[in-house]
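Trainee: I'd like to go over a predicted model; first the sequence, then the structure.
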Protein chains: 6
Amino acid sequence: MRRFQVASEDEIKNAETTDVYFTRTKEILEKEGLSDLTVTAEITTGSLPRNWEWGILAGVEEAAHLLEGVPIDVHCFPEGTLFHSSDVEGVREPVMVLEGRYLDFCLYETPLLGLLCQASGITTMAARVRKAAGEKTLLSFGIRRAHMPKKVPRIALVDTYYDEKTESILAAEALGKDLFGVRLDTPSSRRGNFAEIIREVRWELDTRGYNYVKIFVSGGLNEQTVAELSLAGPDGFGVGTSVSNAPSIDFALDIVEADGKPVAKRGKLGGRKIVWRCDECLREKITGLTVDAPKCPNCGGPMGKLLAPLLSKGRLSKTLPSPDQIREKALGQLKRLSTP
Amino acid sequence: MRRFQVASEDEIKNAETTDVYFTRTKEILEKEGLSDLTVTAEITTGSLPRNWEWGILAGVEEAAHLLEGVPIDVHCFPEGTLFHSSDVEGVREPVMVLEGRYLDFCLYETPLLGLLCQASGITTMAARVRKAAGEKTLLSFGIRRAHMPKKVPRIALVDTYYDEKTESILAAEALGKDLFGVRLDTPSSRRGNFAEIIREVRWELDTRGYNYVKIFVSGGLNEQTVAELSLAGPDGFGVGTSVSNAPSIDFALDIVEADGKPVAKRGKLGGRKIVWRCDECLREKITGLTVDAPKCPNCGGPMGKLLAPLLSKGRLSKTLPSPDQIREKALGQLKRLSTP
Amino acid sequence: MRRFQVASEDEIKNAETTDVYFTRTKEILEKEGLSDLTVTAEITTGSLPRNWEWGILAGVEEAAHLLEGVPIDVHCFPEGTLFHSSDVEGVREPVMVLEGRYLDFCLYETPLLGLLCQASGITTMAARVRKAAGEKTLLSFGIRRAHMPKKVPRIALVDTYYDEKTESILAAEALGKDLFGVRLDTPSSRRGNFAEIIREVRWELDTRGYNYVKIFVSGGLNEQTVAELSLAGPDGFGVGTSVSNAPSIDFALDIVEADGKPVAKRGKLGGRKIVWRCDECLREKITGLTVDAPKCPNCGGPMGKLLAPLLSKGRLSKTLPSPDQIREKALGQLKRLSTP
Amino acid sequence: MRRFQVASEDEIKNAETTDVYFTRTKEILEKEGLSDLTVTAEITTGSLPRNWEWGILAGVEEAAHLLEGVPIDVHCFPEGTLFHSSDVEGVREPVMVLEGRYLDFCLYETPLLGLLCQASGITTMAARVRKAAGEKTLLSFGIRRAHMPKKVPRIALVDTYYDEKTESILAAEALGKDLFGVRLDTPSSRRGNFAEIIREVRWELDTRGYNYVKIFVSGGLNEQTVAELSLAGPDGFGVGTSVSNAPSIDFALDIVEADGKPVAKRGKLGGRKIVWRCDECLREKITGLTVDAPKCPNCGGPMGKLLAPLLSKGRLSKTLPSPDQIREKALGQLKRLSTP
Amino acid sequence: MRRFQVASEDEIKNAETTDVYFTRTKEILEKEGLSDLTVTAEITTGSLPRNWEWGILAGVEEAAHLLEGVPIDVHCFPEGTLFHSSDVEGVREPVMVLEGRYLDFCLYETPLLGLLCQASGITTMAARVRKAAGEKTLLSFGIRRAHMPKKVPRIALVDTYYDEKTESILAAEALGKDLFGVRLDTPSSRRGNFAEIIREVRWELDTRGYNYVKIFVSGGLNEQTVAELSLAGPDGFGVGTSVSNAPSIDFALDIVEADGKPVAKRGKLGGRKIVWRCDECLREKITGLTVDAPKCPNCGGPMGKLLAPLLSKGRLSKTLPSPDQIREKALGQLKRLSTP
Amino acid sequence: MRRFQVASEDEIKNAETTDVYFTRTKEILEKEGLSDLTVTAEITTGSLPRNWEWGILAGVEEAAHLLEGVPIDVHCFPEGTLFHSSDVEGVREPVMVLEGRYLDFCLYETPLLGLLCQASGITTMAARVRKAAGEKTLLSFGIRRAHMPKKVPRIALVDTYYDEKTESILAAEALGKDLFGVRLDTPSSRRGNFAEIIREVRWELDTRGYNYVKIFVSGGLNEQTVAELSLAGPDGFGVGTSVSNAPSIDFALDIVEADGKPVAKRGKLGGRKIVWRCDECLREKITGLTVDAPKCPNCGGPMGKLLAPLLSKGRLSKTLPSPDQIREKALGQLKRLSTP
């Protein structure tokens, strides 16, 4: 008996989490003699949740593990790439392209999209909060948090029974130099003007010589509130459910070519495409295959191809980047963005 | 190596998915000689997502599996109960109450809330769509769909290349009585007035004598669009991401009594409570322990206790209801609601 | 030298606070041989501040003191009368009518309007807050407050350093039966959900057996917040600047008849008028002098005249009512109003 | 018997379409001995429909035909002039000025205004759509359309039964180089995102090598939608009812001078005026007759007079411009405008 | 040479005002051997202008004159019928149905729609103003006004130089019993509160005994302002451009059957239809031909057919109603409407 | 008996207008042996009424008269200082600081705040209207107006019976060069477009050669309407109730230090402070006492201290400025402001 509604690693890998729709698709392909139909399929999204202007692609490593061994070719934006739903002219961006026998990979559509949609949603939200927090400390108060420094600094929670200001002063007087910081997790019913509370705590600590005590704020924070509260002078933020409950990005997979011919489904653009990126402007332009590299429509500079080989006949095309490399890539792009 | 970012059943059961915060809490309890501190803890939510007026509690069975064997008492609303975030006077409703040594269960806070939050979110959204659809057929197009009838009726997808109307007529002329229904999954760029398209398809089928062909609609539907499109006369709806991506319900666990004394944390109500429910009006009233059963503030009728024993000293208090029983309970309550 | 910008009683009585405009008017009347011009003048308002539907007339006693001895006739709504800016058909209501030689009273226009405008504004606002508070206690925290009961009950201010809840419990534990009530004057930066704070204080006091401790709320309250917070169960309200800074009612004085002939200034209605009032519906209807008593346009019942003699040839027509009588009159009308 | 509610040319010329109001005016003038009263009358408009910033004057030629032979002088802005309702300081612009015996022309007020109001409304709307369309092709689909090129290029209507994309590809495959263009007249119920549909059609045609096929869009287009859809890359627009049902411009005629003296009717400015225009900035300034030419309040450059002689004692002052000349004049002004 | 841009009666009758599109359609029909193609065509509108709920059909008599002698059958709602754009279920209402050889009538589409669109727009607006005015007098101040009573009552225009109130009193004093009424055509710059001005004029006239003088209001009035000002007590309204510039109703003609088979153009419903009307509720329901008379979906009462024969083989099916009969029919329906 | 509800100068000076709250405070201080408690108290405001960005401090002279002889030290912004509720970082600005035995001055809190709140409100509003009027004449039509020039120019009121335009021409024709100006006090019911009326009066006067006649506008004007109407070209404005009924500024007094130690009341910042001002940018920055003079956060320039000694041990620290000096100070600051 299954105690919890979770799939095991093997169930996922064996495509046992797929929709029955695709199981039947596979049966039909076989029955109709279409086993050898080769197709090109794209993964795109029509729009990003909450009117986000950009997203960060994630879940690529898991996708690679899922499709490893399936005899198809896969191209993909690198993990951690900042992308848009459409290019400068409104053409949807394919973040991943699969080529091969449809029979071979049709069963993986459900788990593949599941991996990309959820991971990209959470990663994008985390990136937006990071952009909002600027250089300030950001602590994950969510569930998937993994690594914490060994020696934990002493941070007093100062919002449980008294006013934040009173509790902060009491904590500073009691712990002295041992107090690294105070954490304000003020319940919403007491949050008339949270920035004002932060300012008061800072002022009273400073007035009494506790300038070294840091202030951390938490409690239902999101990218907007992080940006707003930053002006009141806290030293860091704890962010939880706004990231762990981030909206999924609604990727979909569509066949755009069958047996080498473009397919013109309503609402989709047929044929294989190239995604060009200007690394300066972080803007994209999409063309058909036979087109020369365009100039960036924004700055006129050169554009490079963004889709890179991930799997070739089911084998990893190259070593996957480490988490640190992915993080560095993502942060580098964030810095080049003028606005969140 | 872990291929996918999922926890196994055993990892969940062994509380290996808990936040490091609680691991440290446990260490502190032991170090400070508080191992025998007994507490009462409540699970409540401050407000429901998207201004929902009510929710449906789910995840209780999984919660029971998680806590089975932990030497504590647990009371809970039965799985499938329609609940509100607060009672008629604004007092938060505890949907679950745990009593025992805090040391024994503090590690389970993270996985316990995770199970309740996500399951209740999805179940609530599904119930809302069901309420909006009235008696019409509702098909799950999401990922967790499991059981489908053996003999699958023939439903033609009529929105791929031509207009829905033309494709519907072609399908009806080709398949005759074999055509059970047509499915309209019109892409958003072609959805100027979806109700009008449905009405036209219905009219043209009827005009040609295909009154028996059913019309199913799908594509990004949610409770609002299901309710609106119902008036145009379709026979059923396919609903996917609006349910599978439903927002989690933001439950939190708080200690309200320690060693028999009420605890008065800011933003929470201390002490143990009784939740009274009027089964006619589906309204609740919360009181302290020593109060007599109140009358329903709405209809004046009798009220009963809603929190029922789930676990006693870590053992299941009674057999858990079957999925069919839970479904029947939930639907019964939906029928008694006047508005969605 | 004048230390403060206030006029003395004698300066007011001698019309030394009038606008220079009227001093010149008087000179012109005399120079142009219009000393004996007799006029009828009305005091009306085009609209009430803040879209109030009704007002309470005040300042009549002071007006009588001002005009006493001036050889004119004055009719007036009684002090404490609930009035509207216009009758059911949009005709402005004259709350006071003066008849006599214009020379005799033109200098009093400025101080007369000053007395009525400010007193009626404050009284109206006080009445609106009273209506919003229903039967609950209402304490004046403004500046003009005069009489307080001799034996002052013990009310603890519980919002200075700690959280309201913590301070309330501490006060109750310290003072026991000596504690009459607690006062919540929560600063706005801590007022995320003031109703919630009130509910929590009530709950914690009750849980510990302090049901007898009353809760008083204060701090920038007005008629809206008093009405909203009432639902959270406080026992009384302290109201200050919203009443003491109430907007003045913008009364104006206009001549409507000169030497017995109606005067038709743009924007005003000429001729003497009768104001009829239905005491059941609290609605008015205005007619010319020669009209029979109309029926109430709302309920069809009888209507009586609302303008009563105040001064006859400069002598008080009857004894002025006491503050208690005025209060009773005003409260009686408030009770008959269905909505605030 | 009259089969249709239209007036003949002779009925219009003989002022038989005038309001009875003016027939009676004429009788009174004669009866009261005012036959020789000479007046100056202006035609102005208080504001343009739909908050338009500017209009294009039309109907001048028809007005000249109407008044030809009437012994009066008429000055007028030239046909096709871009004008505003008021000058830079808010003074209404007289687009036409009539001088002579009021008896001679009072009967023509109704038909004269009728000609100017309707023609100027339609012409202004056409000009606004032209401004919105930039250099793209604009086809009139309205009723008054007259001349079409002899050799009609082949344009396929691709929205009747199938999807626009499918029908476009079918048309291109069937007609090859004979297909000049496709026309998308998508019904509103299928217009979820018309720009997206245009983009898809363009993409699929290009992908298959039909880059030469042009795309024309039509169906309820107005200046806003033309401007918006332009970005999606169509080659031209068909515009119908938005021009043929354009709102009339509400011109009115007012006497501003009688027997040489200014007349000061409420809401109008008396006396004869000069309208000065800066041809660079397309801004106007209005003065009385005796003022020197002002400088442009915008650029400081010279201003010229805009009212030119149209009729002198009932004779045409000069040859009227041809339709091509009028068109060229209007387009020249449009180009100088920065925004629509 | 054509002096004015109007078509003569004969040009209209000979279809010389048709779009070139239809001239080419006729050529193609002949060239392609489709001269004998018989079709059924409907005239419907997708929605009424300005969110009107209902319209009044007009132009039927002119349409009959246009099509008389053309060998086709025509069914139509009677002139003056109150109709909706769609029936209770959202199906578009055909107000006119033409049957015959398409070759015979295709040239008449342009003038036919022109007649119905404009006449129905003006008539509908006039009916809406009438509904808003209730039983009060309504005078047409537009251009097409024809008949006026012989003996014209004396109505003074009182808004030219002085204030309306002053001028009204002056006129009443000067003319006495000869003054039938005063007309307030207050310019918009003086219209701060037009209702207030009307009330003042009424009051001053009454105060001076001129109760018999009527008040007429005019100047840019429409259905909203007529309804609002009614409450201030005027005796009548003059309405001009809001009716003469009424928006056209956007009727379109579509083929729904060709050679006896339904035609399924996107956005239209194929096949011949019956329009059922409940004369009590003024609601319609549309069905195919073979359906029995339905019950009114609102009141359950009987429904009758609304489309009546107009022409049979080009001959008038019966005598056309007189203007008085049409007016009576329209007014009778207006009375049965609860809201405008 | 008191005829009017006003306090005499002596009553104010003797603190007989104080709230009973403070009388009891004084008793408690004495009873609890706190007679010698020395405190520092600040007067600040949390926000300005109506979202004003800045205020002008007034009432300082009266405050000095009130506190003269009370043995405390008082620092204050100079009368007429432009101030903000908070500095650039959101710290509330203390406009006045009192130091001494609390027993000595607690009784004065009520009258002190009363003097500052009302005077600063009226002065701020007057300054805002002045800023809006630019260099145009501004006449006070309120009640406290005192000095008028001896020789009064002749200004005709032109809005009583006729239209403003007609009355203006009549006045100019009657008085010729003796007419200094006309005053338009148009009642609101005639104010459709007040700017248009002003423009018309100006035009007609100019057309007839009365260019020298000035136009003054009045009637319910406030800073917004003054700014708007300025564009229509009047020469001056009369402003009354918008200034005399200006909202009070809600100053409050709080103890920030007791016996030399900072006091940390919720919502307030403890300890003594310095207010630094950049005289160029009119921006402030607040620091604790021991901080060096900061640079202006806006322009980087030097900042000076804004709090100046007012009373030292109850004696005036220096001669108070004259009304003209205060006026000059205020106007000088207004000129440096870019926007109102």
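Mentor: Yes, it's here.

Trainee: Phi, psi for residue A:35 please.
Mentor: phi -60, psi -30 (degrees, to the nearest 10).

Trainee: any idea how far chain D is from it?
Mentor: As judged by CB to the nearest CB, to the nearest Å, residue A:35 and chain D stand 27 Å apart. C-beta coordinates here come from the backbone N, C-alpha and C atoms, glycine included.

Trainee: Around residue A:312, how many other residues sit close by?
Mentor: 14 (other CB atoms under 10 Å in any protein chain shown).

Trainee: low-confidence ranges in the stretch 101-250 of chain A?
Mentor: A:142-152 (pLDDT under 70).

Trainee: Residue numbers of it in contact with chain F?
Mentor: A:163, A:165-166, A:169, A:195-196, A:199-200, A:203-204, A:206-208, A:231-233 (CB under 8 Å from any CB of the partner chain).

Trainee: just the buried members of those?
Mentor: With burial judged by 16 or more other CB atoms under 10 Å in any protein chain shown, the buried subset of these is A:163, A:165-166, A:169, A:195-196, A:199-200, A:203-204, A:206-208, A:232-233.

Trainee: picking that back up, out of the residues of the stretch 101-250 of chain A next to chain F, which sit inside helices?
Mentor: Applying DSSP state H to these, the entries found in helices are A:165, A:166, A:169, A:195, A:196, A:199, A:200, A:203, A:204, A:206, A:207.

Trainee: Restricting to those residues, which residues neighbour chain C?
Mentor: A:165, A:166, A:196, A:200.

Trainee: Please name the nearest non-neighbouring residue to residue A:263.
Mentor: residue A:270 (4.9 Å; CB to CB, 6 or more residues apart in numbering or on different chains).

Trainee: Same question for residue A:116.
Mentor: residue A:59 (4.3 Å).

Trainee: what sits against the closest residue to chain E within the stretch 51-200 of chain A?
Mentor: Using CB to the nearest CB, residue A:90 is the residue of the stretch 51-200 of chain A that sits closest to chain E, at 23.9 Å. By CB atoms under 8 Å, 6 or more residues apart in numbering or on different chains, the residues touching residue A:90 are D:195, D:196, D:199, D:232.

Trainee: Relative to residue E:326, which of these is nearest.
Mentor: Closest to residue E:326 out of those is residue D:195 (45.5 Å), distances taken as CB to CB.

Trainee: ok, for that closest one, nearest residue in space, not its chain neighbours?
Mentor: Counting by CB to CB, 6+ apart, the residue nearest residue D:195 is residue D:232, at 3.7 Å.

Trainee: That neighbour and residue D:201 touch, don't they?
Mentor: No. Counting by CB atoms under 8 Å, residue D:232 does not reach residue D:201; the two are 9.6 Å apart.

Trainee: Can you list the neighbours in contact with the helix or strand hosting residue A:41?
Mentor: Assessed by DSSP states H and E, residue A:41 sits inside strand A:38-45. For strand A:38-45, the external contacting residues (CB under 8 Å, 6+ apart) are A:55, A:85, A:92-102, A:105, A:112-113, A:116, A:249-260, A:272-273.

Trainee: what number of residues lie near the residue of the stretch 101-250 of chain A found nearest chain D?
Mentor: Relative to chain D, the nearest point of the stretch 101-250 of chain A is residue A:250 (16.1 Å; CB to the nearest CB). By the measure other CB under 10 Å, the count of residues near residue A:250 is 19.

Trainee: what residues are up against it?
Mentor: A:45, A:46, A:47, A:49, A:117, B:241, B:245.
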